[in-house]
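**Q** No letters, just coordinates:
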């Protein structure tokens, strides 16, 4: 008797990116942020490329993957991080008091929403962070199994 192959249901975009991060620690296709924008309503529409067009001192809110967290001993408690989305990187600056307030959020989430003030100096653009929040609930983020690259 001949058996037919089981019918498999294809993965949606979020499931595909989740599976790739779980297996390879990276996405083999598009960046995860456009996928998250399609699935999560709370994702800010501004992207890091918009920050580069912004003006010094402008309030700005952006979401992305935390690529790195650094706490140089010479920085007097200031912490630096980089947020990546589908358009590039944006450096984040956390003064000591802000970092202390959001330390757990910064250290335990790979995808964040950061709010603050744009700092522009020549071609350098960064966000002086006043607030961060997780982009998604912890159980959703855990399915991505994403790891950041931290140097201390």
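**A** It's in. Nothing here was measured: the structure is a model prediction, and the numbers come from that model.
**Q** what about the helices in this structure?
**A** Under the criterion DSSP state H, helices of the chain are mapped to 13-24, 32-39, 48-53, 96-108, 138-144.
**Q** So what's the gap between the fourth one and the chain middle?
**A** Translated: helix 96-108. Remark: helix 96-108 is offset 15 Å from the chain centroid, using CA atoms, centre = their mean, to the nearest Å.
**Q** Name whatever forms a beta bridge with the residue nearest the centre of the chain.
**A** Relative to the mean C-alpha position of the chain, the nearest C-alpha, by CA atoms, centre = their mean, is the one of residue 65, at 1.9 Å. Taking DSSP bridges as the rule, residue 65 bridges to residue 84, residue 111.
**Q** ok, now how distant is it from residue 90?
**A** 11 Å (CB to CB, to the nearest Å). Quick note: C-beta positions are derived from backbone N, CA and C, even for glycine.
**Q** if I look at those two, which residues touch both of them?
**A** 83-84 (CB atoms under 8 Å, 6 or more residues apart in numbering).
**Q** low-confidence ranges in this structure?
**A** 1, 5-30, 138-152 (pLDDT under 70).
**Q** one more time with 80
**A** Counting by pLDDT under 80, the chain has low-confidence residues at 1-31, 39, 137-152.
**Q** for residue 91, what are its contacts?
**A** Taking CB under 8 Å, 6+ apart, we find residue 91 in contact with 80-82, 124-127.
**Q** Show me which of those are buried.
**A** 80-82, 125-127 (16 or more other CB atoms under 10 Å).
**Q** Look up how far residue 137 lies from residue 99.
**A** Going from residue 99 to residue 137 by CB to CB gives 23 Å.
**Q** of these two, who's got more company?
**A** Under the neighbour definition other CB atoms under 10 Å, residue 99 and residue 137 were set side by side, and residue 99 has more, 21 against 9.
**Q** Contacts only, for that one.
**A** Per CB under 8 Å, 6+ apart, neighbours of residue 99: 77-79, 106.
**Q** any idea which of those residues is closest to residue 131?
**A** residue 106 (11.3 Å; CB to CB).
**Q** quick one: which of the contacts of residue 99 is nearest residue 48?
**A** residue 106 (17.4 Å).
**Q** Counting neighbours, what do you get for the closest one?
**A** By other CB under 10 Å, neighbour count at residue 106 equals 22.
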